[in-house]
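In: got a predicted structure here, sequence first:
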Amino acid sequence: MIRDPRWLAHDAYFSPGAVAEQHLRGLAILGVDPDVIVDAGSGAGVYLQRAAIVWPRALRVAVEIREEEAEHLRRWAHVVVVDSFDGARTAEALGKLKRRRQLVVGNFPFSLAVPMIRWGRARGGVVSTLLPAGFGDHESAEEVLCDDPPTHALRPTGGRIGFLGDGKDFQHHEALTWLAGPARPWGGWRTLPLPPLPAHLRRWTVRPGTERTFAPLPPAFYPQFGEASHA
């Protein structure tokens, strides 16, 4: 697949819908029950598309810097902000939200993952983002993982993910998750494997979020961790 130059400029990769929904259902099992869901770096909005299934009563907010995605995001989000995660319009829009339980979630651009994690954590709710499993090998990532380590890592299994539709990524991924609460310097976290997804659910043919119709994740692939937390 030839990548759009705008995708390259903004480090845009697109999570297949089944991968996004499995991630969100894993959070729900951990006790995450948000009033507000903020998808930072939304792309075309697949995380909000699936969040509407998992938490239908939550307010869904899309934050995406590429204006060309707004037409898709309006289908899935109650609020669409065309701006960077740390921009003035984003701050104004999120400043109006007075709900109590907030989730910042998505597939953060790798180049911005550390500042986005810190930004999400400063908002005081749950933060969860899909990242390469080797994320911690980078110096800036190592710093945040020591200062404020996640509580859980939700690990997709079954094979590598096709974020660009064709083929598969060169490395495995996991959803690093910070449940609400203060930082725990130098703390550990628990890795929870997600049920293996077959190859056709780990890739896409129509860019996620742009579909006219979509199939929800089959219940056979819902996570079951045998634990619950409160977030």
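Out: On my side now, so go ahead. Note that the structure is a prediction, hence the values are computed from the model and not measured. Residues are numbered from 1 along each chain as shown.
In: list the helices and strands the longest helix along the chain packs on?
Out: Counting by DSSP state H, the longest helix found in the chain is helix 17-29. Counting contacts by 3 or more C-beta pairs under 8 Å, 6 or more residues apart in numbering; DSSP states H and E, helix 17-29 is packed against helix 46-54, strand 102-106, strand 126-132, strand 152-155, strand 173-178. For the C-beta atoms, the positions are set from N, CA and C on the backbone; glycine is no exception.
In: so which helix or strand takes in the closest residue in space to G43 that isn't next to it in sequence?
Out: Leaving aside its chain neighbours, G43 sits nearest to F14 (5.4 Å; criterion: C-beta to C-beta, 6 or more residues apart in numbering). Using DSSP states H and E, F14 maps to neither a helix nor a strand.
In: and F14, backbone torsions?
Out: In terms of degrees, to the nearest 10, the main-chain angles of F14 are phi -120, psi 120.
In: for G165, which residues are in contact?
Out: The neighbours of G165, taking C-beta atoms under 8 Å, 6 or more residues apart in numbering as the test, are M1, F14, R203, W204, T205, R207.
In: one more: V46?
Out: F14, S15, P16, G17, A20, W76, P208, G209.
In: now do the end-to-end distance for stretch 208-222.
Out: 19 Å (C-alpha to C-alpha, to the nearest Å).
In: what sits against L154?
Out: By C-beta under 8 Å, 6+ apart, the residues touching L154 are H23, G26, L27, S128, E174, A175, T177, L192, L194, P223.
In: dump these into TSV; add pLDDT, neighbour count and distance to A183 as well.
Out: Formatted as TSV, those follow (pLDDT from 0 to 100; neighbours: other C-beta atoms under 10 Å; distance: C-beta to C-beta, whole Å):
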residue	pLDDT	neighbour count	distance to A183
H23	98	27	23
G26	98	26	22
L27	98	26	19
S128	98	29	16
E174	97	24	20
A175	98	27	19
T177	98	25	14
L192	96	20	21
L194	97	22	26
P223	96	19	26
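In: do you know the pLDDT at the residue lying closest to P196 once chain neighbours are set aside?
Out: Spatially, and ignoring its direct neighbours in sequence, P196 is nearest to G158 (3.3 Å; C-beta to C-beta, 6+ apart). The confidence metric pLDDT takes the value 94 at G158.
In: could you measure from G158 over to P208?
Out: Using C-beta to C-beta, to the nearest Å, G158 is found at 18 Å from P208.
In: quick one, which of these two is more surrounded?
Out: Ranked by neighbour count (other C-beta atoms under 10 Å), G158 and P208 place P208 first, with 25 against 16.
In: distance of the more buried one from D35?
Out: Noted for P208: a distance of 25 Å to D35, by C-beta to C-beta.
In: which ones are touching the residue nearest to P196?
Out: By C-beta under 8 Å, 6+ apart, G158 lies in contact with P195, P196, L197, P198, A199, R202.
In: apply 7 Å and report the result again.
Out: P196, L197, P198, R202 (C-beta atoms under 7 Å, 6 or more residues apart in numbering).
In: host element of S140?
Out: With DSSP H and E as criterion, S140 is part of helix 139-147.
In: got the buried residues for that helix?
Out: Neighbour counts over helix 139-147 (16 or more other C-beta atoms under 10 Å) mark A141, V144, L145 as buried.
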